[in-house]
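J.: Below is the sequence, then the predicted model.
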2 protein chains.
Amino acid sequence: MTDTHTAPDGDLDVFALASRLSSGHVADNVEILNQLEPHDAAAVLVLLPVETSIEILDKPELNFGAEIIEALPRQTATTLLSGMSADMAADIVQQLEEPARAELMQGLDAATRATIEGLLAYPENTAGAMMTTEFVSVPASWTVERTLQHIRQVERTRETVYAIYVLDAFTRRLVGAVSLRRLIAGEPSANITDLSRPPITTSPLTDREDVARLISRHDLLAVPVIDKAGHVLGIVTVDDIIDAIIEENTEDVQKFGGMQATDEPYMQIGLLEMLRKRGGWLAVLFVSEMLTASAMQYFEVELEKAIVLTLFIPLIMSSGGNSGSQATSLLIRSLALREVRLGDWWRVAMRELPTGLLLGAGLGLIGVVRITAWQKLGFYDYGEHWILVALTVASALIGVVTFGSLAGSMLPFLLQRAGFDPASASAPFVATLVDVTGLVIYFSVALLILRGTLL
Amino acid sequence: MTDTHTAPDGDLDVFALASRLSSGHVADNVEILNQLEPHDAAAVLVLLPVETSIEILDKPELNFGAEIIEALPRQTATTLLSGMSADMAADIVQQLEEPARAELMQGLDAATRATIEGLLAYPENTAGAMMTTEFVSVPASWTVERTLQHIRQVERTRETVYAIYVLDAFTRRLVGAVSLRRLIAGEPSANITDLSRPPITTSPLTDREDVARLISRHDLLAVPVIDKAGHVLGIVTVDDIIDAIIEENTEDVQKFGGMQATDEPYMQIGLLEMLRKRGGWLAVLFVSEMLTASAMQYFEVELEKAIVLTLFIPLIMSSGGNSGSQATSLLIRSLALREVRLGDWWRVAMRELPTGLLLGAGLGLIGVVRITAWQKLGFYDYGEHWILVALTVASALIGVVTFGSLAGSMLPFLLQRAGFDPASASAPFVATLVDVTGLVIYFSVALLILRGTLL
């Protein structure tokens, strides 16, 4: 990308790039700027028309918004921040370091500053933190005609007009919502309240996942966020929600993979931070998995007597982990889609029990066939008691796979019951949980079946 | 739920339920019907006003649309199908069994039938299969005023008016799009083309994930689907996309958990189907994991000489699997968010190499501390060569974790390169891949370090 925008001396040709950006699509512009260092991006931004720069900074896809704002002359930065949508501006201010943050806030007009401070007060990933404070509201006394005129004259620059919110003329409480489609279809002389419907609303502390579910359930384009008195604080739009859902869900895959979710793009995570995000979980799992060593030390005598048993340890343990991670992922989905509720745990367990038994029996059968085949074909000699060994492996598989399915399916319920997101269950965690139990099951079954022969 | 709607004789009181539904929110109505058997739901639907039934059938959250339609009198069913949005009607027809399907299609008017057949011809999960054929288009010669009038008179019942599509008056090719907001803000006498912008479009065979990305990237409410000649076939709306993204992403978690994705709600999957969806993958992983038994048979002599080595097999194998599944989930996210591209594989490998080495070294250190502590505190005796054993475990951990990180991070690239979704990589698959190699690394390191002492 940079080669086409370098001046003869090899430096970035910011003028050529700025001229290209001023005629480009905003989404493309964001991609181009994402490939530059923040101070280079800032050097390009100062050359662009203010509206173009604002449009770019308003896109959540821009990677280094805060760094770019910090690299700009303070005067330009405050102008851009004031022009941005309040939710995006608040996001950027939040990421700024002192003293830049204080200096920039100082430069903003009082109203914008108050709005941004208000938004920053809400916890991350809540409706309050996501909402934009730009929305169109009209008193209940207005007609359709007057509302249309108002939109034409006052609100034409607002990007986020998806619905008109009707407020009680005196208390300014939200009494209704009118979609643009209904507004257009309405008689000009009709009262706005004739068209409005009781609004679906949310509160500022609602989690973004629940806001997403509300918007999806009612097919809304925006949902108003109201305080306890019924005043509109802002709206969360469908754009914000889509971005949030995509982020949330790739985060869920990361968590399921057993690591702390990352916000930054992969290539921009420093080595130290990468080690911190991955090392913590890995170390916790490692220490828990040490219990397997303890379990094996406990069965030391049996191990020495029947080394043939060790051959199947990885096979049996991994089968338990696999069936567990299947069950967990299945239930994470079902709980997320609300197909299954917390109270259904018992019914789920009663379905997982036969499923686990049959899956384990299936794997056990494959195991017996394999051991018999190797023994008969002379690939390996499992000893004179090979039939009992095969029986041990098969029985252990039934036990381990059943335990894996049960434990894996109950974990998301436990997490939800404890107030956590069921999607924070991870495959490595499930595997670790099942590994230790798997070993104990295996050796207990072995003691039962092989006592008097091998053991 | 049912207790409040049962007649004195214990049967479902469909009349009471119908009267409750006719005054309820559609989303709530869907939830209530989802708890009934399809033929009961049908018995309630026939008692509702046609518009209410259509609204309910149009919701993607309804579980048994096809079964309900099948249970209705044919006459009612065709009326409802004709009134539904074309994309939802096509979804239902697709799930119908013969002869109901043919009979119902026969009952539809020719235009609706042709539309549904057209939609059914597109492969699942493409823009063509998701799109609705209801959209508002006007010739380029119209004014804003005339367009508004058209919407008021003709299109007032359309739910999906998010933008107006401007067609060339002669060729009927798409030349522009006007958002409702811009339409309202426009001068009534202005020509519609003065307001329109070049449209962002997609083709009918585009995958739904790409359509979602397009809508999210450009903050659209709907994207027109056009054929090669530039004619509009339909539009995919943001509602459909939200539903699709939620479904797609919970599917990704399932795939990452190592099972075939399920469409049906958990409680409605029969035992046989459950075994099929889970058993296949589980058996494949089991058979692959059998290689661990082969690997251990290969190192049989070493195993017999140094039983102490077996104690750490689960620990070392699981650490490799965990680091691999972390790396895989990290790269799945980065590829999905387009932070990393196919060509970046080498740069990613060069980041994973030091990360893996350091993470492995960290775990190795914990391992050495643990072995030393147990030995010194007298919890367990690892033999006279315990220092060499600790060294073996630590070195093997470095090797296994590094291999896990590299293999786990490269797998999503390989899948994408081969034309698969990187998100079809699964944690159990990664673990299995790393398990076998992990054993080989462990025993090779042991041979190197312990030769002449234990081995």
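T.: Here it is on my side, so go on. Residues are numbered from 1 along each chain as shown, chains lettered A, B, ... in the order given.
J.: any weak-confidence spans in chain A?
T.: A:1-11, A:155-160 (pLDDT under 70).
J.: A:Gly320 contacts A:Leu433, doesn't it?
T.: No. Using CB atoms under 8 Å, A:Gly320 makes no contact with A:Leu433, being 9.1 Å away. (C-beta placed from N, C-alpha, C; glycine too.)
J.: and these two? which has more neighbours close in?
T.: Set side by side, A:Gly320 and A:Leu433 show more neighbours around A:Gly320, with 33 against 21, by other CB atoms under 10 Å in any protein chain shown.
J.: Run through the residues that contact that one.
T.: The contact partners of A:Gly320, by CB atoms under 8 Å, 6 or more residues apart in numbering or on different chains, come to A:400-401, A:403-404, A:431, A:434-435, A:437-438.
J.: Could you do A:Glu70 as well?
T.: Applying CB under 8 Å, 6+ apart, the residues near A:Glu70 are A:38, A:77, A:96-97, A:100.
J.: ok, it to chain B distance?
T.: 22 Å (CB to the nearest CB, to the nearest Å).
J.: quick one: what helix or strand has that residue in it?
T.: Element membership for A:Glu70 (DSSP states H and E) is helix A:65-71.
J.: which residues sit against the helix or strand following that helix?
T.: Counting by DSSP H and E, the element after helix A:65-71 in chain order, helix or strand, is helix A:74-83. Residues outside helix A:74-83 that contact it (CB under 8 Å, 6+ apart): A:45-46, A:50-51, A:53-54, A:57, A:69-70, A:72, A:89, A:92-93, A:103-104, A:107-109, A:112.
J.: can you tell me which of these are in helices?
T.: Of the positions in the contacts of helix A:74-83, A:45, A:50-51, A:53-54, A:57, A:69-70, A:89, A:92-93, A:103-104, A:107, A:112 sit in helices, assigned by DSSP state H.
J.: Mind picking the two most distant members of the residues you listed?
T.: Using CB to CB, the two most remote members of these are A:Glu51 and A:Glu103, lying 24.3 Å apart.
J.: Nearest spatial neighbour of the residue most central in space within chain A, chain-adjacent residues omitted?
T.: Taking CA atoms, centre = their mean, the centroid of chain A lies closest to A:Glu248, which sits 1.7 Å from it. In space, and not counting its chain neighbours, A:Glu248 is closest to A:Glu209: 6.3 Å by CB to CB, 6 or more residues apart in numbering or on different chains.
J.: now do A:Ser395
T.: Nearest residue to A:Ser395, sequence neighbours excluded (CB to CB, 6+ apart): A:Val445, at 4.9 Å.
J.: can you give me the strands for chain A?
T.: A:136-139, A:163-167, A:174-179, A:222-226, A:232-237 (DSSP state E).
J.: JSON lines for those, including mean neighbour count and distance to B:Asn29?
T.: Converted to JSON lines, the strands of chain A look like this (neighbours: other CB atoms under 10 Å in any protein chain shown; distance: least, CB to CB, whole Å):
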{"stretch": "strand A:136-139", "mean neighbour count": "18", "distance to B:Asn29": "30"}
{"stretch": "strand A:163-167", "mean neighbour count": "23", "distance to B:Asn29": "22"}
{"stretch": "strand A:174-179", "mean neighbour count": "21", "distance to B:Asn29": "20"}
{"stretch": "strand A:222-226", "mean neighbour count": "24", "distance to B:Asn29": "20"}
{"stretch": "strand A:232-237", "mean neighbour count": "25", "distance to B:Asn29": "25"}
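J.: Switch these over to a markdown table; also include distance to chain B.
T.: Output for the strands of chain A, formatted as a markdown table (distance: least, CB to the nearest CB, whole Å):
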| stretch | distance to chain B |
| --- | --- |
| strand A:136-139 | 10 |
| strand A:163-167 | 10 |
| strand A:174-179 | 9 |
| strand A:222-226 | 11 |
| strand A:232-237 | 9 |
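J.: Dump these into CSV; add distance to A:Arg20 as well.
T.: Output for these, formatted as CSV (distance: least, CB to CB, whole Å):
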stretch, distance to A:Arg20
strand A:136-139, 35
strand A:163-167, 37
strand A:174-179, 38
strand A:222-226, 34
strand A:232-237, 30
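J.: Can you check which of those strands gets nearest to B:Arg20?
T.: strand A:174-179 (23.7 Å).
J.: what packs against the closest one?
T.: Other elements packing on strand A:174-179 under the criterion 3 or more CB pairs under 8 Å, 6 or more residues apart in numbering or on different chains; DSSP states H and E are strand A:163-167, helix A:192-195, strand A:222-226.
J.: List of residues touching it?
T.: Contacts of strand A:174-179 with the rest of the structure, by CB under 8 Å, 6+ apart, involve A:137, A:140, A:147, A:162-168, A:186, A:192-193, A:195-201, A:221, A:224, A:226, A:230-232.
J.: rewinding a little: separate out the buried members of the ones in helices among the contacts of helix A:74-83.
T.: For those, a burial check counting by 16 or more other CB atoms under 10 Å in any protein chain shown picks out A:45, A:53-54, A:57, A:69-70, A:89, A:92-93, A:104, A:107, A:112.
J.: how does chain A divide into domains?
T.: Listed domain ranges for chain A are A:2-121, A:136-237, A:266-450 (source: automatic domain parsing).
J.: if you compare those, which one is most tucked away?
T.: Stretch with highest mean neighbour count among these: domain A:266-450 (a mean of 21; mean count of other CB atoms under 10 Å in any protein chain shown).
J.: ok, the residue nearest to A:Ser395 to chain B distance?
T.: Going from A:Val445 to chain B by CB to the nearest CB gives 17 Å.
J.: got the contact list for that residue?
T.: So A:Val445 contacts A:392, A:395-396, A:399 (CB under 8 Å, 6+ apart).
J.: Just the closest of the residues you listed to A:Ser426, please.
T.: Nearest to A:Ser426 out of those is A:Gly399 (CB to CB; 23.4 Å).
J.: Thanks a lot, catch you later.
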